[in-house]
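Enquirer: What follows is a protein structure lacking sequence information:
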């Protein structure tokens, strides 16, 4: 079977990224030379498969964060870097970065409104891992849909500092049935639950809210099921909030404002509100794995290449192997590291440093990358030039099966740096001719993939990113995501594309320009 695959791969001349034929240079991609082609050839389908057959095997028990399988995974990665002769990124020589985590169990909450007591999960659901605390107040600020845009605001002349805030799901309509925000019959991101859930929360938090009551009757049962499970949720120990965020049912909403379903008038409601909240949690540790190749000329300018090392673990006795998610990205990092180390050993090491970062807890909410970027960066963020994040690059999106399979979804390349996007495009044309599909790069993408992998924790700190992604498929987050279903020729080609891009970024004369930084 292996021989058949190799012959088929060799025949697929369209997948010729990294050809041994010398590639002409361009003004934008001065580092694309015969030398880089030589090192790119070290990245092979066979090598990727060899690592992935181990990494996504049942022996690793699905690599669930904090569990024995995840510990086996980090030991495997550490040994691979030792075998490659690539040192740890930490100055103490430890390849592991401890990530302090906790299991958030059902909190002990007492909530009374207008002297009526309400029950956790039955009437309201706690969404954030909040600090223990209490609130006593005689008023609640009702802000309608809780939306603010350049042309519309539910927050005009409203002071939310230290207040309890109530808003509802959805967005306002005009008398003719069109939506105020879009001006059409199409809803905006403020009505997409995956988006509005965070957008409205963050906006109220920014304006000083102490507690949020979100009335979303259509998704209440889902929220209660997801956030009310007794087995708890995982979070960073350092990430607990002083903000309380509750999804409430109709009983609570109408006890505060009986006409809430039709009433959009911004107002302060005189009502007693009493909250006592006690956090209940169990602490434990997980680990990121980080290896480092020091740059020859600009060592304090660092390229981060990242992938998450965890997956879903074992459920009902069945192993969720996570071969594509994100075994494919994990083994890609190992092959990238091998190629750069070989170049360094031959006296052609990268001018800038490269950090190979395997993060934990992605499946639990981007926890490992959040800890790295927000609390304990091994490399200072002001020395971090870019993050190239790889999460699922070994399969084909079923929606693309009738079109060119030599593609990859690119997300984020133009969000913070116009130059990064141009470099990415030019490198691809010079080396690989992969179809770069920007379907999910749209700011209004309802899937919100830009926010759902580890690059986002760099992007939110104004570090330019590229997220390489093959899209979801029928085996996504299922036990059937196994190594035998990986399309290794595509995995090879996409990994080489990342290598060429990293090589160009590491060796170009000028530091990447960030021209779209935001607050």
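Expert: On my side now, so go ahead. Predicted model only: the values in this text are computed from it and were never measured.
Enquirer: For the protein, just list every one of the helices.
Expert: Ranges of helices in the chain, per DSSP state H, are 2-11, 34-40, 45-55, 68-84, 193-206, 220-227, 250-256, 329-345, 367-374, 418-431, 456-459, 488-507.
Enquirer: Where does pLDDT dip in the stretch 51-200 of the chain?
Expert: Across the stretch 51-200 of the chain, not a single residue meets the criterion (pLDDT under 70).
Enquirer: Strands of that one, start to end?
Expert: 96-113, 116-118, 124-126, 133-142, 164-168 (DSSP state E, counting those that start in this stretch).
Enquirer: Which residues does the last one contact?
Expert: By CB atoms under 8 Å, 6 or more residues apart in numbering, the surrounding residues in contact with strand 164-168 are 135, 137, 139-146, 154, 200, 204, 209-216, 253, 256-257, 260-261, 269, 273. Bear in mind the C-beta positions are built from the backbone N, C-alpha and C, glycine included.
Enquirer: thinking again about what came up before, okay, the helices of the chain in TSV with mean neighbour count and distance to residue 401 next?
Expert: Shown next, in TSV, are the helices of the chain (neighbours: other CB atoms under 10 Å; distance: least, CB to CB, whole Å):
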stretch	mean neighbour count	distance to residue 401
helix 2-11	11	17
helix 34-40	19	27
helix 45-55	19	20
helix 68-84	18	31
helix 193-206	18	26
helix 220-227	16	31
helix 250-256	17	44
helix 329-345	23	22
helix 367-374	25	31
helix 418-431	20	22
helix 456-459	24	28
helix 488-507	26	13
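Enquirer: Compare those helices and give me the one nearest residue 265.
Expert: Across those, residue 265 has its closest neighbour in helix 250-256 (13.6 Å, CB to CB).
Enquirer: which helices and strands sit right next to that closest one?
Expert: strand 96-113, strand 116-118, strand 164-168, strand 211-215 (3 or more CB pairs under 8 Å, 6 or more residues apart in numbering; DSSP states H and E).
Enquirer: Could I get these in TSV, plus columns for distance to residue 470?
Expert: Shown next, in TSV, are those (distance: least, CB to CB, whole Å):
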stretch	distance to residue 470
strand 96-113	27
strand 116-118	45
strand 164-168	37
strand 211-215	34
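Enquirer: quick one: which of these is nearest residue 295?
Expert: Ranking those by distance to residue 295, with CB to CB as the measure, places strand 96-113 first at 20.7 Å.
Enquirer: Each with direction, which strands does that closest one pair with?
Expert: strand 116-118 (antiparallel), strand 233-236 (antiparallel), strand 267-293 (antiparallel) (DSSP bridges).
Enquirer: In that strand, which residues are buried?
Expert: Residues of strand 96-113 classed as buried by neighbour count (16 or more other CB atoms under 10 Å): 96-97, 99-104, 106-107, 109, 111, 113.
Enquirer: where does the stretch 201-350 of the chain dip in pLDDT?
Expert: In the predicted model of the stretch 201-350 of the chain, residues 229-231 satisfy pLDDT under 70.
Enquirer: Which residue, other than its chain neighbours, is closest to the residue nearest the centre of the chain?
Expert: Central residue of the chain (CA atoms, centre = their mean): residue 453, 1.6 Å from the mean position. Spatially, and ignoring its direct neighbours in sequence, residue 453 is nearest to residue 391 (4.4 Å; CB to CB, 6 or more residues apart in numbering).
Enquirer: if we can go back for a sec, greatest separation within the buried residues of strand 96-113: which pair is it?
Expert: 96 and 113 (47.1 Å).
Enquirer: Many thanks, I have nothing further to ask.
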